[in-house]
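Visitor: My questions concern the predicted model and sequence given below.
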Amino acid sequence: MKILVIDRDTLTTQLIKSKLEAMGHSVIEESVKNNALERLEKEEFDTIFFDPSPLNNARPIVLGIRRSVRNYPYIILTSQDMAREDAMKSGANDFLPKPMDSAQLDPKIS
């Protein structure tokens, strides 16, 4: 699977990347949301991990992602300040709380 991780937190990004690459996935990191949206217009990804912070509302970014892509990637919102219910209301497919437990990645990717 081709996976994009959009997060300013390098520790979380490295955790996700190391775990998923060990499972055989291709993982690309992007720390700037606007750069990620530009990349999404050019490349297709199967899954997107996305942390909306410092924004309180992730919906505009999720909608921007949906508009930018030709396919329908699975979006997993990651946050330490947001509840699962708010993540789902924003249009994400799934949620992972921070600090992240690497064991939680297996069922989400499956």
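Guide: Here it is on my side, so go on. None of the values given here were measured: they were computed from a predicted structure. Residues are numbered from 1 along each chain as shown.
Visitor: Now do the helix or strand containing residue 39, average pLDDT.
Guide: Using DSSP states H and E, residue 39 falls within helix 33-42. Mean per-residue pLDDT for helix 33-42: 92.
Visitor: now stretch 16-23
Guide: Stretch 16-23 carries an average pLDDT of 94.
Visitor: Please identify the buried residues of that stretch?
Guide: 16, 17, 19, 20 (16 or more other CB atoms under 10 Å). (Glycine included, C-beta is placed from N, CA and C.)
Visitor: same deal with stretch 92-103?
Guide: Buried, per 16+ other CB under 10 Å, within stretch 92-103: 92, 93, 94, 95, 96, 97, 98, 100.
Visitor: ok, the residue sitting nearest the centre point of the chain - contacts?
Guide: Nearest residue to the geometric centre of the chain (CA atoms, centre = their mean): residue 49, 1.2 Å. Residues in contact with residue 49 (CB atoms under 8 Å, 6 or more residues apart in numbering) are 3, 4, 5, 6, 7, 16, 76, 78, 96.
Visitor: Would you mind measuring from residue 15 to residue 86?
Guide: With the distance defined as CB to CB, to the nearest Å, residue 15 ends up 23 Å from residue 86.
Visitor: about what we covered before: tell me the one of the buried residues of stretch 16-23 nearest residue 63?
Guide: residue 16 (23.0 Å; CB to CB).
Visitor: ok, and the closest non-adjacent residue to that closest one?
Guide: Nearest residue to residue 16, sequence neighbours excluded (CB to CB, 6 or more residues apart in numbering): residue 5, at 5.3 Å.
Visitor: quick one on the thing from earlier: pull the distance from the helix holding residue 39 to the chain's centre.
Guide: Remark: helix 33-42 is offset 13 Å from the chain centroid, using CA atoms, centre = their mean, to the nearest Å.
Visitor: Lovely, talk soon.
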